[in-house]
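1. Quick check, what structure comes out for this input:
(chains A and B)
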Amino acid sequence: MNMRRLIGAALTVAALALPAMAVQPDEVLDDPALEARARELSQDLRCLVCRNESIDESNAELARDLRLLVRERLVAGDSDAEVMDFIVARYGEYVLLRPGTGGSNIMLWAAGPAGLLLALIVAGFYLRRRAASPGRSEDDLSAQEQARLDEILKD
Amino acid sequence: MIVELGHFALILAACTAIVQATLPLIGAQTGRPALMAVAEPAAKIQFLLTGFSFAALTWAFIGSDFSLRLVVANSHSLKPLIYKISGTWGNHEGSMLLWVLILTLFGACLAWFGGNLPPGLRARALAVQAAVGVAFFGFILFTSNPFTRLAMPPFDGQDLNPLLQDPGLAFHPPFLYLGYVGLSMSFSFAVAALIEGRVDAAWARWVRPWTLAAWIFLTIGIALGSWWAYYELGWGGFWFWDPVENASFMPWLLAAALLHSAIVVEKRESLKSWTILLAIMAFGFSLIGTFIVRSGVITSVHAFANDPERGVYILAILAVFMGGSLTLFAVRSGALQARGMFSMVSRESVLLLNNVLLAVACFVVFVGTIWPLVAEMLFDRKLSVGPPFFNMAFTPFMMVLGAVLPIGAMMPWKRAKISRAIRPLFPALGLALAIAGLAWTMQTGRSLVGPIGLFLGAWLVFGALTDLWSRAGRGFNVGRYLRLPRADWGRVVAHSGLGVTMLGIAGLTAWQEEDIRAARIGESFTVGAFELTLEGVRQVEGPNYVSTMGDVRLFQDGQEIALLHPEKRVYPVAGMPTTEAAIDYRFLRDVYVVLGDAQDGGGYTVRTYIKPLTNWIWLGALLMALGGTLSLTDRRFRVAAGAARKTPVAPAQGVPAE
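-> Residues are numbered from 1 along each chain as shown, chains lettered A, B, ... in the order given. Next up, the predicted model:
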C-alpha cells in the first residue's frame, strides 16, 4: 500500500486552497553554489505538516517558508551546520530527517554495524562447528529416507 | 441482498476456518486420518466462501450501491469502471478482505496441488494456515466490517482518493498482498515442521516454490508502487523510505534470504533451524507491515491512541502468532539435525553470508522505521528518521551484497577455493571496472555514487553472464544453454536483474538534471541536451476531474522527438489536486516534465528533469520476477508438485551441478 503522502496531501489541501509546487522559480538563489547547498540542506529537513516529506519535495506553505529561511541564512553567510542549528533551535529535532547521533540515538546508528558484527560472529561459530563436526556423513540415509528419496526420483 | 449474502458467506468462511484450524491438527497428533482429511475440503470451501464475499463487495462497488457505508466513502457514480473495481480494495475494510481472500487462496492451492505431501505435514500446514485465517476473519468481522449499511443512503459517494485512481496503483495492492500473504504459506510449513520435529530436503523442496511465488509477487507489487510514485507524485523519486514502503520491503528482504537458505536445506540439509526461523520471521514482518499500515501508529502515536481498537487487535494477532511460533521454535529447533558438512569457503558459507547481509539490512530498516516511536515512548524525544538515514545505513549492505554475489554464485558446494571461483570472473571484473572508470572520467568533480553504482551493476550483470557461460561448459553451443536447468537460468536472470536495478538507481541518483523555471506560453528553453517549448496550456474535462493540460514540445538536436502533456488535475468531489507528469520514456533516459501553477506575470511554472537510466530500476525488478518465475518452473518443482503425472521421464543425466 503505497499510500504515503495521502495524509500529507490531505493536510496540504486543508491548509491552503492552491498548493504550490516544491521549489518555486522565485525561490531559487542567483548564486548556483549557494543554491546547491540550499537544496542539499532542504533534503535533510522535514516538512512539519507533511508525512515523511522533506521541504525540498513538499508542496506545503510551511515548507516554502522553511526553504526561504534556509536560503536567507545561507545568503547571510551561515555555514551549513549553523543553518541546521538555527532551524533545529526553532523547530526541534523533529525537523531533522537524518537524526543526530547524540544520546539515545546512538542505538539507532549503531544498530546496523552492531547487528552485522553479531551476526558475523554467530555465523562464524556456526561455520567452524560445521567444518569441524565429525557428524554423520551425508550418504548415511535412514531406510525410510532412502525409500522416500527413491519415490521422489522415480517420477 | 447480495451484500448480506456476502456478509453471511464471510461468517461461514470464518466458521470453516475454525474447523480447519482444529480438527486436522487433532487428527494429525492422534493419528486419525479421517480428521486430517477434513483439511482439504475445508480449505477449498473457505476459499470459495471468501471469494463469494469479496465478489459481493465488488458487485456493490460496481453497481455504486450507496447504501453501503464503504462504497459511499470510497466511490462515486462517475468514476471509471476500473477504479470502481479497484476501489474495492482501496480502503481499509476492503483491503483486509482482499488479505484474507488471498490467505484462503493459498490454503486452497495447497489443498489442490499438495497431493504428494505427506498427509501429516499437509494437514498441519493447512491447520496453521486456517488459524491465521481465523484471526483475520475475526479482525474483519469485529473491527472492520465492510458490509455495514447506512440507514440514510446519500445520492452519491465521496469518491476514491484521486491519487489511487491510477492504473499502477489499482493493481499494486493485489500483487503486494499476494506476496505478503503468500509468506503465510512458508510460515505454515515452518510451524507444521516444528510440530513434527522434522525438516529435510523434501520439506525445503515443498516450501521453496511457495516462498518463490510470494517473493515474485512482492517484487512486482513493490515495483508497481515505486513506479507509481515516480510518475504520480510529481518530482520523480522512486523510493522514499516511508514506513508504509518499508513495511513491504522488510518481508521482501527476508523472503529473499529465505529463498537462498531453503536451497541450502534442499541441497545440503544444513541451515535448517535458521531457515525455519527465517520463514517465521518473514511472515512476522508481513504482520508487522500490516500492523504499521493499518494502525496508523507510525504516522502518529496519538492517532493510534485515539482509535486503538484495530491496532491493538493486529498487535494481539502478531503477539499470538509470533510468540507462539517462536516459543515452539525454541522448544523444537534442537530436534532439527543438520547433516551436510562444509568448509569455511563454500557455496553454503556464501549463502549464509547472503542471509546475514539481507537479515541485518532488514533489521536496519526495521529499527529505522520504529525508532521515532521508540524514542518518543522511551526517551521522550520527538524525532524523525528519513531517507538520509536509510540511504546511509542501508546502502552499504547492498553494496557488499552486490560485490560478493557474483563470486558466491561461482562457488561449488562443500569446499571451494576463492581463487578458482574468481578466475573466470576476471573479464567481468575488468569490464565493470572499465565502465566505472569511463563514467568517472566523463563526470568530472561529481560524487562517487555514479561510478560505484555502475561498477556494482555491471559486475552483477557480467558476473551472472559468466555464471551462465561456465554452466554451459564455457562454450557457445546453443543446445547446452537450452538444456541447462531452468533454476540456473532463473538464478542468472534474477541476479542480473538486481544488477540492472542498481544501474538504474546509480544513473538516476548521480546524473539527474533539473530545471525549474517560470515559462511563458510559446517560450523555449534548454535543459541538458534537450530543448523544450511550452506551446500552450488549456483546460480539459475528464470523466470525474478537471485538468489544466500543457502542450510541451520536446526537441533534441533540432528534431522534435515528442509532444508531452503534463497535467494538473482537480477532482472536485474529493476536493483534491493531483499532478500528472508527462514523461518521454526512452531506454537510456527519461525526460520528465511537470506543469506547475500559473505565474502572476503570465506563464506557468515548468519543472523539467532529465533522468538517466531510470527505467532500468523497474526493468531490473521485472528481470528479478522473471528469474523467480523461471526458477519456479524448474523440473524439480514440477516433479514435486505434479504427482498426478505418471508418464515415465528419462532418468536425469547425472545430477545437475548446482
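2. Pretty sure B:Tyr609 sits in a strand.
-> Yes: for B:Tyr609, which was evaluated using DSSP: H, G, I helix; E, B strand; the rest coil, the result is membership in a strand.
3. What ranges in chain A fall below the confidence cut-off?
-> Under the criterion pLDDT under 70, the flagged ranges of chain A are A:1-21, A:132-143, A:155.
4. where exactly do the helices run in it?
-> In chain A, helices defined by DSSP state H lie at A:6-15, A:32-43, A:61-75, A:80-91, A:105-132, A:143-154, listed in chain order.
5. Tell me which of those sits most buried.
-> Compared across the helices of chain A, helix A:61-75 shows the largest average neighbour count, a mean of 19 (mean count of other C-beta atoms under 10 Å in any protein chain shown). (C-beta placed from N, C-alpha, C; glycine too.)
6. could you say what helices and strands that one packs with?
-> Contacts defined by 3 or more C-beta pairs under 8 Å, 6 or more residues apart in numbering or on different chains; DSSP states H and E place helix A:61-75 against helix A:32-43, helix A:80-91.
7. who wins for proximity to B:Gln20 among those?
-> Proximity of the helices and strands packed on helix A:61-75 to B:Gln20 was assessed by C-beta to C-beta; the nearest stretch is helix A:32-43, lying at 50.9 Å.
8. about what we covered before: using TSV, lay out the helices and strands packed on helix A:61-75 together with distance to chain B.
-> Formatted as TSV, the helices and strands packed on helix A:61-75 follow (distance: least, C-beta to the nearest C-beta, whole Å):
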stretch	distance to chain B
helix A:32-43	7
helix A:80-91	10
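9. Next, B:Arg339: secondary structure please.
-> Taking three-state DSSP as the rule, one finds B:Arg339 in the coil state.
10. Tell me the pLDDT of it.
-> For B:Arg339, the pLDDT comes out at 71.
11. What of B:Thr299?
-> Confidence at B:Thr299, expressed as pLDDT, is 61.
12. go on, the one 5 residues further on?
-> Model confidence at B:Phe304, expressed as pLDDT, equals 54.
13. ditto for the one 10 residues further on
-> With respect to pLDDT, B:Ile314 has a value of 86.
14. B:Phe187 too?
-> You'll see B:Phe187 listed with a pLDDT of 95.
15. Give me the number of neighbouring residues for it.
-> For B:Phe187, the number of neighbouring residues by other C-beta atoms under 10 Å in any protein chain shown comes to 29.
16. Check the one 4 residues further on too.
-> With neighbours defined by other C-beta under 10 Å, the count for B:Val191 comes to 27.
17. my guess is it contacts B:Leu328, does it?
-> Yes: the criterion here is C-beta atoms under 8 Å, and B:Val191 meets it with B:Leu328 at 6.5 Å.
18. What values do phi and psi take at the residue of the stretch 251-400 of chain B found nearest chain A?
-> When distances are taken as C-beta to the nearest C-beta, the stretch 251-400 of chain B approaches chain A most closely through B:Gly386, which lies 2.8 Å from it. Listed backbone geometry of B:Gly386 is phi -120, psi -170, with angles given as degrees, to the nearest 10.
19. residue contacts, the residue nearest to it when sequence neighbours are not counted?
-> In this structure, B:Gly386 finds its nearest non-sequential neighbour in A:Leu97, 2.8 Å apart by C-beta to C-beta, 6 or more residues apart in numbering or on different chains. Taking C-beta atoms under 8 Å, 6 or more residues apart in numbering or on different chains, we find A:Leu97 in contact with A:Gln43, A:Asp44, A:Leu45, A:Arg46, A:Ser54, B:Ser384, B:Val385, B:Gly386, B:Pro387, B:Pro388, B:Phe389.
20. For my notes, confirm the last one occurs in a helix.
-> Yes: with three-state DSSP as the criterion, B:Phe389 is located in a helix.
21. Thanks a lot, catch you later.
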